[in-house]
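Student: Next one to model:
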Amino acid sequence: MTKVDFYTGSADRLRTACQLSQKALQNNVRVVLSTPDAKVADALDKLLWEFPATSFIPHCRSDATDATDYPVVIGNGNGNFPFYELLISLHDDCTSFFSRFDRVIEIVSLDANDSRRGRERYKFYRDRGYELKHIELTRTP
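Tutor: Numbering: from 1, shown residues only. Take a look at the predicted model:
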């Protein structure tokens, strides 16, 4: 069954998605970054070329012919992806295809409306019996 991690307290959801993608790559896990629209996909695409500051994260769009060759793909939420290891969702609602993945990461910002939507997604997963983990990003070790 899909495992779901909630990262809450993000100051910048796209930057957090990049950081989590980089961590996944270090662990040889392929990543699908699912965005709600082309505008967010474009912003994320640009950021991945500049992240981290001294390098970049190799990626492409999920509909590229060679998408299976890349460790990170960006999709617009259509559900057609070249692999199903880790989904980092940047949607306001749960996607219809999340259960195809081994693991899902939901990122919740500091914004009150985003926090409310995050709680709704958390309840959705909890009520269906998914294994949940919560990571608070604003806590200091």
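Student: From residue 42, how far off is residue 104?
Tutor: Residue 104 is 23 Å from residue 42, where distance means C-beta to C-beta, to the nearest Å. C-betas here are computed from N, CA, C, even on glycine.
Student: same deal with residue 7?
Tutor: Residue 7 is 22 Å from residue 42, where distance means C-beta to C-beta.
Student: longest helix of this protein?
Tutor: helix 112-127 (DSSP state H).
Student: what packs against that helix?
Tutor: With contacts taken as 3 or more C-beta pairs under 8 Å, 6 or more residues apart in numbering; DSSP states H and E, helix 112-127 sits against strand 3-10, strand 103-109, strand 131-136.
Student: of all those strands, which lies closest to residue 22?
Tutor: Of all the helices and strands packed on helix 112-127, strand 103-109 sits nearest to residue 22, with 12.8 Å by C-beta to C-beta.
Student: so what's residue 73 up against?
Tutor: 31, 32, 33, 59, 60, 61, 62, 64, 67, 81, 82, 83 (C-beta atoms under 8 Å, 6 or more residues apart in numbering).
Student: The residue lying closest to residue 37 once chain neighbours are set aside: what's it in contact with?
Tutor: In space, and not counting its chain neighbours, residue 37 is closest to residue 76: 6.6 Å by C-beta to C-beta, 6 or more residues apart in numbering. By C-beta under 8 Å, 6+ apart, residue 76 lies in contact with 34, 35, 36, 37, 38, 41, 62.
Student: Need the per-residue pLDDT for residue 76.
Tutor: Residue 76 carries a pLDDT value of 81.
Student: Now which of the contacts of residue 73 would you call buried?
Tutor: Burial by neighbour count, 16 or more other C-beta atoms under 10 Å: within the contacts of residue 73 this picks out 31, 32, 33, 59, 60, 62, 67, 81, 82, 83.
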